[in-house]
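Novice: With the input below, show me the fold.
(one chain, ligands or ions: 1)
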Amino acid sequence: MHAKPKLGQNFLVDQPAVRRIVEALGEIAGRTIVEIGPGRGAITESLAVRAAHVVAVELDHELAAKLRDRFDSARLTVAGEDVLRFDFAAAAAKAGERLLVAGNLPYAITSPILTRLAASHAALDLAVLMVQREVAERVTAAPGTRDYGYLSATVQLYGPVERLFTLPPSAFSPAPKVHSTVFRWRFAPRFAELGVPEPGFLRFLRQAFAQKRKTLANNLRAAGFSPGRVTGALAAIGIDARARAEAVPVEALAALWGKLEEQ
Ligand code: SAM
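Specialist: A predicted model of the protein is given here:
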C-alpha cells in the first residue's frame, strides 16, 4: 500500500526515536493513551505492550483495518475517524482518567489539532507530539523572540511546553522535505491564575496578534477599542505604546485585558 501524501503519511522508521517518544510520556503502565495518526503502527506497537489501553485514531480506513487485524482489541481500540472530530472527553470518561496523547502528526493540520487538544484540555494530562521543526520552534518560543506569536501564546496558555529532540527527513519513509521535532505539552491551563476567562481572553489574543506588522495598540484599535482607552490601559500596565503583541508576556496581556474590561 502506497503512502498517501494528502494524509501526511511519512512513516517513522527510526527505532531509537520511537523509544524516545514513548519514554517522553513517562510512566505509562496502567494508563490510557490516545495515539493520533498511528499509520502503520510504528509507535503503536511500543505503546500497546506497555499501556493499559491505546485508542488509535486513524482517518485512513485501510490502515485502520490493518491495525485492527494486528492488535488484540483488549489492548487497542481503533477509531477510524478524523482526529478533529474525535471526542477526547468521552474517551477520558471511558478510561476513568485524564488521557495521555502521543502522535507523529499529519503536518498539514497541526494547528487545528493543537486547537482541538487545547479545547479538550480537561480530558488531557500530557501530550508528546511530533511536528514540523519550525512549528515546534513557534510553539515553544519565549515572548520577544523571533518565533513567538499567537500560536506560542495560545498553546502555552494551556500548559508548559518543552522541545525534546529533532529528526532529519531520513528518519521517515517516504522522507518529508522538512525536519521534525518532538515536543511535550503538560496540560495545566493558566486562565484562573491569570484572572481571565477562557473564551474572552482567547478572543482578545486573536485581536492583539491580528496583524504581525502592526503594534499591539493598532491591532486593538482596529478591533474596535477606542484609541484613548487603549493608550490609557497600556500606560497603566506599563506596556510600551509602540510594542507589538509578540514582545509582551502573556501576564501583561492578561493585565491589559483586565484594564480594558474595567474601563
Ligand atoms: N504514527 C505513524 C508513524 O509515526 O509512522 C504515522 C504518522 S503520519 C506522519 C500521520 C498519520 O496520520 C497517517 O497515518 C495519516 O493517515 C493519519 N491522519 C491524517 N489525517 C488524519 C486525521 N484528520 N485524523 C486522524 N488521522 C489522520
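Novice: Please make it C-alpha for all contacts and neighbour counts, starting now.
Specialist: Noted.
Novice: Could you tell me which residues within the helix or strand hosting G200 count as buried?
Specialist: According to DSSP states H and E, G200 maps onto helix 198-208. The neighbour-count check on helix 198-208 (16 or more other Cα atoms under 10 Å) flags F201, L202, F204, L205, R206, Q207, A208 as buried.
Novice: Now do the contacts for the third one.
Specialist: By that I understand F204. For F204, the contact set (Cα atoms under 8 Å, 6 or more residues apart in numbering) comprises W257.
Novice: Give me the three-state assignment for the nearest residue to L59 once chain neighbours are set aside.
Specialist: The shortest distance from L59 to any non-neighbouring residue, by Cα to Cα, 6 or more residues apart in numbering, is to E81 (4.7 Å). Three-state assignment for E81 (DSSP: H, G, I helix; E, B strand; the rest coil): coil.
Novice: on that earlier part again, make TSV out of the buried residues of helix 198-208 and add distance to the ligand and pLDDT.
Specialist: Shown next, in TSV, are those (distance: Cα to the nearest ligand atom, whole Å; pLDDT from 0 to 100):
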residue	distance to the ligand	pLDDT
F201	28	98
L202	24	97
F204	28	98
L205	26	98
R206	24	97
Q207	28	97
A208	29	98
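Novice: Helices of the stretch 101-250 of the chain, start to end?
Specialist: Using DSSP state H, counting those that start in this stretch, the helices of the stretch 101-250 of the chain run over residues 110-119, 133-139, 150-157, 191-194, 198-208, 216-222, 227-237, 250-262.
Novice: what's the offset of the fifth one from the middle of its chain?
Specialist: For helix 198-208, the separation from the chain centroid amounts to 17 Å (computed by Cα atoms, centre = their mean, to the nearest Å).
Novice: try the shortest one
Specialist: Relative to the mean C-alpha coordinate of its chain, helix 191-194 is positioned 19 Å out (Cα atoms, centre = their mean).
Novice: Give me the contacts around that helix.
Specialist: With Cα under 8 Å, 6+ apart, helix 191-194 has contacts from L157, P197, E198, E251, A254.
Novice: which of those residues count as buried?
Specialist: Using 16+ other Cα under 10 Å as the burial test, these include L157, A254 as buried.
Novice: Can you lay out the contacts of helix 191-194 as a markdown table showing distance to the ligand and pLDDT?
Specialist: Formatted as a markdown table, the contacts of helix 191-194 follow (distance: Cα to the nearest ligand atom, whole Å; pLDDT from 0 to 100):
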| residue | distance to the ligand | pLDDT |
| --- | --- | --- |
| L157 | 24 | 98 |
| P197 | 29 | 97 |
| E198 | 26 | 97 |
| E251 | 34 | 97 |
| A254 | 33 | 98 |
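Novice: Which residues outside stretch 109-128 are in contact with it?
Specialist: Outside of stretch 109-128, the residues within contact range by Cα under 8 Å, 6+ apart are 21, 24-25, 83-84, 88-89, 92-93, 97-103, 131, 155, 158, 182-189.
Novice: 6 Å instead?
Specialist: Contact partners of stretch 109-128, identified using Cα atoms under 6 Å, 6 or more residues apart in numbering, comprise A89, A92, R98, L99, L100, V101, A102, F183, R184, W185, R186, F187.
Novice: Return the closest of the residues you listed with respect to S46.
Specialist: Comparing these against S46 with Cα to Cα places A102 closest, at 11.5 Å.
Novice: per-residue pLDDT, the closest one?
Specialist: Here, the pLDDT recorded for A102 equals 98.
Novice: packing partners for the helix or strand encompassing E23?
Specialist: Assigned by DSSP H and E, E23 belongs to helix 15-24. On a contact count with 3 or more Cα pairs under 6 Å, 6 or more residues apart in numbering; DSSP states H and E, helix 15-24 meets no helix or strand.
Novice: Helix or strand next in line after that helix, which one?
Specialist: strand 32-36.
Novice: Name the residues of that next one that are buried.
Specialist: T32, I33, V34, E35, I36.
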